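>>> following is a predicted model, sequence given first.
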Amino acid sequence: MIWLWLICFSLLKAGESAAATVTGQVTLADSREPSVRERKDYSGVVVWLEAVGSAGRLPAPGTFVMEQKGKRFLPHVLVVPIGATVDFPNFDPIFHNAFSNFSGQPFDTGLYAPGTSQSVHFRRPGIVRVFCNIHSTMSAVIVVLPTHLYAVTSSDGTFRLADVPPGTYQLRFWHERSPGETLKKVERTLHVESANEKLPLVTISESGYLQVPHKNKYGKEYAPPPREHTVYPGARK
Ligand SMILES: [Cu+2]
């Protein structure tokens, strides 16, 4: 029995040590965004690994949160694996909505009250652009991925992919202000061994980015915002 435990423990240790950590750093170039030009804020770039030639480990679905607070969606960029549920709690003293209607997975939570929440299940991979049907300035992105091996860059552009099993992967990137063809060019195939790996610096250009004003969920221009000094019953302070 003791031998059995020892063998199992050894195998477990061997399995644990086989997984690698992949780290790297992204910089953004050709940006017109003040946060990038003045403060060198390289946050919000999504980095992930997709297994090549094998199915890879299926991501475990879970529940994630995108808050509505101060008339903003927080975080602005949320990454979830396929099958995940995202809760949209409304922490503002005003009504909100969350919808997506032209990319990824269309959904509409309907209008909902302060202090309440709505949930959406994401069944397929894609880039889901999220808006509020009342407030035209509110926007966010949910990136739904077929892998659990993902990270979002910090403000200094660094990222860390932990527990990567040895194998061949396609290293992919997504950034809100970079065109698809730019992101395709920085992709690369990565052979991960059991040792940790530090990748060379990746530069992603924002050249060619055009911010297109979005419409409301009916495909029409936004109506003027409602009077919002009213505190609705049940509002959180
Ligand atoms: Cu809103």
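Good, I have the coordinates.
>>> helices of the protein, residue ranges please.
With DSSP state H as the criterion, the chain has helices at 2-18, 34-39, 180-185.
>>> pick out the shakiest of those helices, pLDDT-wise.
Note on those: helix 2-18 shows the lowest mean pLDDT, a mean of 45.
>>> which strands and helices lie in contact with the longest strand anywhere in the chain?
Ordering each strand of the chain by length in residues (DSSP state E) puts strand 20-29 first. Applying 3 or more C-beta pairs under 8 Å, 6 or more residues apart in numbering; DSSP states H and E, one finds that strand 20-29 contacts strand 46-51, strand 158-164, strand 188-192, strand 197-198, strand 202-205. In this view, the C-beta of every residue, glycine as well, is placed from N, C-alpha and C.
>>> distance between that strand and the chain's centre?
Centroid separation for strand 20-29 versus its chain: 16 Å, with C-alpha atoms, centre = their mean, to the nearest Å.
>>> please shift the residue numbers so they start at 862 in all later answers.
Right, with 862 as the first residue, what we last looked at is strand 881-890.
>>> partners of that strand, with directions?
strand 1019-1025 (antiparallel), strand 1058-1059 (parallel), strand 1063-1066 (parallel) (DSSP bridges).
>>> list the buried ones in it?
881, 883, 885-889 (16 or more other C-beta atoms under 10 Å).
>>> equivalent analysis for stretch 941-948, please.
Those would be 941-945, 947, for stretch 941-948 by 16+ other C-beta under 10 Å.
>>> what about the residues you listed, which are in strands?
941-942, 947.
>>> would you map out the domains in the chain?
Annotated domains of the chain cover 881-919+1008-1072, 921-1005 [automatic domain parsing].
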